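>>> Here's my sequence, what's the structure:
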Amino acid sequence: MSRAAQAVRVLSVITDRTTLVLSVVAGLLLLSMVAVISAGVAGRYFFATPILGLNEIVQLNAVALTMLALPYTTASGQHVRADIFDRLIGRVGRFTGDVVTRALSLVVLYYMVDRAWAKMLDAREFGDATNMLALPIWPFYGLIAAGMGLCIVVFVIQLIDILASGRPVDE
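Numbers count the residues shown, from 1 in each chain. Now for the predicted structure:
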């Protein structure tokens, strides 16, 4: 095995473990979001005391759990996939589609990471915060950039695997 192939394997193992840990954290965030929403509903309807800023907490929590789960979802191939034309386009078409979709995803995600990073720096510099609780929002832009950045790494590994094997993902 060449040094490049070994490096890709090591990067793949590290990425797999990292995405798994982040998905577990995302799951815990989902459980906390359920708990906070349940407490908010119970407080509002049973005790007439709503939780101040509940919507902000839920919105920021949703951003965090989505961005933390995105790399694992990408790495494990759990995105929605339409295979309507797979038989029609054949093996070469599927291979080409796999390569093109990952290449386009890399370009789009790179642009989105760049914009999220710039927005994070602006939000930090200007002290942007939520309205009710005055929670700083720059860390959440950072999570967006990190989640999509890790997706870029996952797509690069997948693209290398596809090109090295010379066959589509589903074979």
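
>>> Tell me the helix or strand right after the helix ranked longest in the chain.
Longest helix in the chain, counting residues (DSSP state H): helix 3-46. Note on helix 3-46: by DSSP states H and E, the next helix or strand toward the C-terminus is helix 54-75.

>>> Identify the residues contacting that next one?
15-16, 18-20, 22-23, 25-27, 29-30, 32-33, 36-37, 40, 51, 78-79, 130-133, 135, 137, 140, 143-144, 146-148, 150-151, 153-155, 158 (CB atoms under 8 Å, 6 or more residues apart in numbering). Heads up, the C-betas are built off the backbone N, CA and C, glycines and all.

>>> The next helix or strand after that helix - what's its average pLDDT?
Counting by DSSP H and E, the next helix or strand C-terminal to helix 54-75 is helix 86-126. Per-residue pLDDT values over helix 86-126 give a mean of 92.

>>> Give me the buried positions along the very next helix or strand once past helix 86-126.
Following helix 86-126 in sequence order, the next helix or strand is helix 138-165 (DSSP H and E). Across helix 138-165, burial judged by 16 or more other CB atoms under 10 Å covers 138, 140-155, 157-160, 162.

>>> Let me know the pLDDT of the residue nearest to the spatial centre of the chain.
Central residue of the chain (CA atoms, centre = their mean): L70, 2.4 Å from the mean position. If you check L70, the pLDDT there is 93.

>>> any idea how far it lies from G142?
14 Å (CB to CB, to the nearest Å).

>>> How about D98?
Going from D98 to G142 by CB to CB gives 31 Å.

>>> any low-confidence regions in the protein?
Along the chain, segments meeting pLDDT under 70 span 1, 170-171.

>>> Recalculate using a threshold of 90.
1-13, 16, 44-52, 76-94, 96-98, 161-162, 164-171 (pLDDT under 90).

>>> Can you get me a residue count around the nearest residue to V36 once chain neighbours are set aside?
What sits nearest to V36 in space, not counting adjacent residues and going by CB to CB, 6 or more residues apart in numbering, is I57, at 5.7 Å. Look at I57: counted by other CB atoms under 10 Å, it has 20 neighbours.

>>> again with V10
V10, neighbours per other CB under 10 Å, totals 10.

>>> any idea how far P71 is from it?
Using CB to CB, V10 is found at 17 Å from P71.

>>> same question, A4
Relative to P71, and taking CB to CB, A4 is found at 23 Å.

>>> ok, these two, which is more surrounded?
P71 (27 against 10).

>>> From P168, how far off is that one?
If you go by CB to CB, the gap between P71 and P168 works out to 22 Å.

>>> Also V63?
In this structure, V63 and P168 are 33 Å apart, going by CB to CB.
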